[in-house]
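Enquirer: Give the three-dimensional model of this entry:
(chains A, B, C and D)
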There are 2 protein chains.
Amino acid sequence: MPRVTIKEIARRCGVSQGAVSYALNNQPGVSEATRARVLKVAAEMEWVPNRAARQLSAARSETFGLVLARTAQTLIEEPYFMGFVGGVESVLSEKSYALALQVVADLDEELATYRKWAAERRVDGVIVVDLRVGDPRIPLLRKLSLPAVLVGDPALADGMPCVWTDGTAAMNAALDHVASLGHRDVARVAGPPEYGDVWIRDRAFEVATRRLDLTGQVRHTDFSAVEGVAATRELLGNGARPTAIIYDNDLMAVAGLAVVQGQGLRTPDDITLVAWDDSTLCRITHPALTAMSHNIVGYGAEVTHRLLDLLNGAQPQAHLYSTPLLIIRDSSGPPPG
Amino acid sequence: MPRVTIKEIARRCGVSQGAVSYALNNQPGVSEATRARVLKVAAEMEWVPNRAARQLSAARSETFGLVLARTAQTLIEEPYFMGFVGGVESVLSEKSYALALQVVADLDEELATYRKWAAERRVDGVIVVDLRVGDPRIPLLRKLSLPAVLVGDPALADGMPCVWTDGTAAMNAALDHVASLGHRDVARVAGPPEYGDVWIRDRAFEVATRRLDLTGQVRHTDFSAVEGVAATRELLGNGARPTAIIYDNDLMAVAGLAVVQGQGLRTPDDITLVAWDDSTLCRITHPALTAMSHNIVGYGAEVTHRLLDLLNGAQPQAHLYSTPLLIIRDSSGPPPG
DNA sequence: CTCGTAAGCCGAACCGGTTAAGTTACGACG
DNA sequence: CGTCGTAACTTAACCGGTTCGGCTTACGAG
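Expert: Next up is the predicted model:
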């Protein structure tokens, strides 16, 4: 089967290649009659634009880039990413944009990927996740003039366009909840402190515990189940055992629940557990976990829309997507005694 | 910063564009001295090939396609996919191939995607997952002459190149395990019967229960936690309550465990549970779940290697990746009484 | 009737590579 | 010493679109 090109359509319609191009791209320069004829013939012949050719001449790739600097293990464990990618995809596919997804080991490789993409003209723009404190990607993207939308708090985005959720408000809501149940000793099992979101929540935790006059302690982890288990063990064996633990993701919360149960403790009778990043995981445990819920799929979609807007000339700005909602389930209750 | 092209390198080296192309692609037609000089200059100027141009002239896109016909919800819930994608990526990125990932709603959209990709010359080959019984994608891919590697049993691949794991052997191992513990009444909470893997396991379950002289019953689901819960409830409320349940993925097994615990039953004392598709999920529940483990990341990598081989002219063939291994944990034990 | 203008279309350059075919220079061989 | 073969390049066509300058033609104003 011979591939259908614009040249062939031009021949059949008895017009020039250029005219066909104008007609197909809805641009002025051809009469409505001609346009209609061209469109009809193109449809009949099942013409599909050749991406490479278009990209080469128009200097647009119609592709967005997304780099995930996480281990394969983390990607598997955390439902977060696949949901986010799904959301991005849902928007892109309807605009018939493509997604270049790259999984790399660390931040340096991520930087190298941006360099390469910029040089290759591989992508029209990128979505940047896992924003850090003093993120080195920001100056690089500026230097490369690679359009980007960051996923994270404006306080970390240094004026670049970003989409964020209000982590501070969320932390306040979580602590208000446990405080109102009567808890005085609260622990936080956090992710790595270099992650922007974690940093924001660390600060919010500190401020809110002081405001509510609670005793707060923090354990930093790498977000993995293993370290979630270790942190929970430490907290339970601790002299100053907390009566409530707030985890920084759902995986560690589920892992923590298993530790609690393994030690013969009951939730929420003996200890209250709260998860972040709500997912099915939190719903299917027994008891079901109280969790801070965001709509990850929607988040991915929102970010993608912002990037499209940006390429269409919109002003770069910070955009608040939504504030996470605390879903109260069975793992939180009054402290013992 | 002006983009560096082959033309510019040619000018600096005082040779023609064509010679530079030969040199850079390690092809005969230039002396070693010239080649070295060209490579040196190219490196100095930080030349990166323009993908679109290369693709247009060489008629290779250096991109593989992967379509996932699942709901966003499933993708989030099942760790399987992200792991598989990670494995694919790990191979592609070192060959500097790209991955075109498309998430669609159903099989028809998946077929449409292949048609589009073939017309656009968007991908050099595709990886096909979730093989069905009498899969309509097989004839389409043949018709489009789109190179493909199927993920699934040769019995379903109709002679197309495929990579598979031995589901029958795995099911035998699982049933041997529960039978040797003394169980006589075994249930299987399966995925949708149109999925090839499920079909294979359904048959294996039937044959093995007969061989071991067990009473077997099967409930089909859509792989979701919700239906896993429903199926488990049904089985527990059943007159012929089984003493062991084998689930078709990890998610449903975890959900099933919650149901069991919610009804005040104990695992494995009252009922034995076995999961498929081992993941962190199975390890962090309490008790930890006995599970059929595969290396999903490695599986993705293997499939990708086969597709690369295929494009390099290898004979299409079925390739057994590995047989899943039963990891015995705390959720399986002798039946009560 | 003439001229200006603009819509509609053509031809060709261009994007940045790949590659078939043609050209030289040089060494081997009869 | 003429001929032939081959290594090392050059030239130019080509991939399939986009885009821009310029050529026709029709039409309205003066």
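Enquirer: where in chain A is pLDDT low?
Expert: Within chain A, the segments meeting pLDDT under 70 span A:1-2.
Enquirer: what do you get if the cut-off is 80, keeping everything else the same?
Expert: In the predicted model of chain A, residues A:1-3, A:72-73, A:238 satisfy pLDDT under 80.
Enquirer: The residue of chain A found nearest DNA strand C in helix, strand or coil?
Expert: Residue of chain A nearest DNA strand C, by C-beta to the nearest atom of the strand: residue A:18 (2.7 Å). The C-beta positions use only the backbone N, C-alpha and C, and glycine is treated the same way. Judged by DSSP: H, G, I helix; E, B strand; the rest coil, the three-state class of residue A:18 is helix.
Enquirer: how distant is the helix or strand hosting residue A:42 from the center of its chain?
Expert: When secondary structure is defined using DSSP states H and E, the element that contains residue A:42 is helix A:32-44. If you compare the mean C-alpha spot of helix A:32-44 with that of the full chain, they lie 41 Å apart, counting by C-alpha atoms, centre = their mean, to the nearest Å.
Enquirer: Tell me the buried residues in that helix?
Expert: Applying a neighbour-count criterion of 16 or more other C-beta atoms under 10 Å in any protein chain shown, the buried positions in helix A:32-44 are A:34, A:35, A:37, A:38, A:39, A:41, A:42.
Enquirer: Which of those sits closest to chain B?
Expert: For the buried residues of helix A:32-44, the closest approach to chain B (C-beta to the nearest C-beta) belongs to residue A:42, at 12.1 Å.
Enquirer: Near the closest residue to the closest one other than its chain neighbours, how many other residues are there?
Expert: Across the structure, with C-beta to C-beta, 6 or more residues apart in numbering or on different chains as the measure, the residue nearest residue A:42 apart from its sequence neighbours is residue A:9 (5.4 Å). Here the neighbour count serves as a burial measure; for residue A:9 (other C-beta atoms under 10 Å in any protein chain shown) it reads 24.
Enquirer: Which residues belonging to stretch A:260-278 are considered buried?
Expert: Taking 16+ other C-beta under 10 Å as the neighbour-count basis, stretch A:260-278 is seen to contain the buried residues A:260-261, A:267-268, A:270-278.
Enquirer: Equivalent analysis for stretch A:52-72, please.
Expert: Burial within stretch A:52-72, assessed by neighbour count using 16+ other C-beta under 10 Å, is assigned to A:52-56, A:61-72.
Enquirer: roughly how far apart are residue A:189 and residue A:222?
Expert: Distance, residue A:189 to residue A:222, using C-beta to C-beta, to the nearest Å: 11 Å.
Enquirer: Looking at those two, which is more packed in?
Expert: Neighbours were counted for residue A:189 and for residue A:222 using other C-beta under 10 Å; residue A:189 has more, 29 against 12.
Enquirer: which SS class is that one?
Expert: Assigned with three-state DSSP, residue A:189 falls in the strand class.
Enquirer: Quick check: it touching residue A:244?
Expert: No: when contacts are counted by C-beta atoms under 8 Å, residue A:189 is not listed as touching residue A:244 (11.3 Å).
Enquirer: Need the contact partners of the strand or helix carrying residue A:91.
Expert: For residue A:91, the host element (DSSP H and E) is helix A:79-94. Residues lying outside helix A:79-94 but in contact with it, judged by C-beta atoms under 8 Å, 6 or more residues apart in numbering or on different chains, are A:64, A:66, A:68, A:70, A:75, A:98-99, A:101, A:127, A:129, A:249-250, A:277, A:279-281, A:296-305, A:308, B:72, B:75-77, B:79, B:81-82, B:101-104.
Enquirer: please redo it, this time with the cut-off set to 7 Å
Expert: Here helix A:79-94 makes contact (C-beta atoms under 7 Å, 6 or more residues apart in numbering or on different chains) with A:64, A:66, A:68, A:75, A:98-99, A:101, A:127, A:277, A:279, A:281, A:296-301, A:303-305, B:72, B:75-77, B:81-82, B:102-103.
Enquirer: What about residue A:146? Give its phi and psi, please.
Expert: With angles defined as degrees, to the nearest 10, residue A:146 shows backbone torsions of phi -90, psi 120.
Enquirer: ok, the residue nearest to it when sequence neighbours are not counted to residue B:323 distance?
Expert: Taking C-beta to C-beta, 6+ apart, and ignoring the residues beside it in sequence, residue A:146 has residue A:118 as its nearest neighbour in space, at 5.1 Å. In this view, residue A:118 and residue B:323 are 45 Å apart by C-beta to C-beta.
Enquirer: Give me the more crowded residue out of these two.
Expert: Remark: of residue A:118 and residue B:323, residue A:118 carries more neighbours, 21 against 17, as counted by other C-beta under 10 Å.
Enquirer: quick one: that one and residue A:142 touch, right?
Expert: No: counting by C-beta atoms under 7 Å, residue A:118 stays clear of residue A:142, with 11.4 Å between them.
Enquirer: and the helix or strand residue A:255 falls within, how far from the chain's centre?
Expert: Taking DSSP H and E as the criterion, residue A:255 maps to helix A:250-262. Taking C-alpha atoms, centre = their mean, one finds the center of helix A:250-262 at 24 Å from the center of the full chain.
Enquirer: Thank you kindly, that will do.
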